[in-house]
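Q: A structural model of the following input is requested.
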Amino acid sequence: DFWAAFRRSLLFTLWYVPPIIVLPLILASLIARVRSGRAAASYRVAAYLPVVLPTSVAILLWSELFNSQFGYINVFLRNVLHLPVQPAWFSDPNLIIPSMAMASVWKHMGTNTLLFLVGMYNIPGEVYESAAIDGAGSLQQWRHITLPLIRPMLVLVLVLSAEILSG
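A: Numbering: from 1, shown residues only. Here you go, the predicted structure:
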């Protein structure tokens with residue numbers, strides 16, 4: 001029993017940790033580029049909304065999305081992508097862990113997005129201006145300026161993700 005549970009925990013971790021780091025980092029990078037204060041505030045609120053949504057509402061939402069007969073995901077697979085398969089997301093042993101990981105990523109992604117945004121907003125604009133004058137493009141600035149300077153936030157997000165996995 002221990003090794004089966006350990007295997008399931010490891011599998012959940014592999015489905016959970018990479019998206020909970022990468023997706024909020026991308027989302028925060030996109031929001032940080034928005035220059036309109038109102039639009040940026042709206043995007044921050046939208047990103048954080050799943051975190052403040054009651055868990056019972058989130059469970060109802062995901063149970064409707066993953067409903068094996070009439071769920072929105074299966075309707076999309078059947079009607080838009082024209083796939084004949086209708087997966088039983090919560091009753092198939094091969095799909096339950098990725099399904100639960102996807103719901104967990106959605107529920108906790110807002111916190112990580114805001115943490116990354118805090119790190120990005122604390123980077124002085126002069127650093128980016130200097131890099132642009134030196135000929136660095138957006139991707140180079142992100143790789144050589146943003147990522148190294150938000151490393152403390154990245155560590156914090158990793159620690160908080162480990163706390164969610166253990167709790």
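Q: pLDDT on the host helix or strand of Phe12, on average?
A: Here Phe12 is covered by helix 2-32, with elements defined by DSSP states H and E. Averaged across helix 2-32, the pLDDT comes to 92.
Q: buried stuff in that helix?
A: Of all the residues in helix 2-32, those buried under the rule 16 or more other Cβ atoms under 10 Å are 12, 15-17, 20-21, 24-25, 27-29, 31-32. Just so you know, the C-beta spots here come from the backbone N, C-alpha and C atoms, and that holds for glycine as well.
Q: helices along this protein, start to end?
A: For the chain, the helices defined by DSSP state H occupy 2-32, 37-52, 55-65, 72-75, 96-121, 125-133, 138-141, 147-149, 151-166.
Q: highest mean neighbour count out of those?
A: Ranked by mean neighbour count, those are led by helix 96-121 with a mean of 20 (mean count of other Cβ atoms under 10 Å).
Q: can you tell me how far Thr111 sits from Pro19?
A: 14 Å (Cβ to Cβ, to the nearest Å).
Q: again, but for Gly71
A: The value you get for Gly71 to Pro19, if Cβ to Cβ is used, is 20 Å.
Q: cool, Trp89 as well?
A: On the measure of Cβ to Cβ, Trp89 and Pro19 end up 17 Å apart.
Q: how about the buried residues of helix 2-32 in TSV, adding distance to Tyr128?
A: As requested, the buried residues of helix 2-32 are exported to TSV (distance: Cβ to Cβ, whole Å):
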residue	distance to Tyr128
Phe12	38
Trp15	34
Tyr16	32
Val17	29
Ile20	27
Ile21	23
Pro24	21
Leu25	17
Leu27	19
Ala28	15
Ser29	12
Ile31	16
Ala32	10
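Q: quick one, the helix or strand bottoming out on mean pLDDT in the chain and helix 96-121 angle?
A: Ranked by mean pLDDT, DSSP states H and E, the weakest helix or strand in the chain is helix 151-166, scoring a mean of 83. Here helix 151-166 runs at an angle of 150 degrees relative to helix 96-121 (axes from the mean of the first three to the mean of the last three Cα atoms, to 10 degrees).
Q: so what angle separates the directions of helix 151-166 and helix 2-32?
A: 140 degrees.
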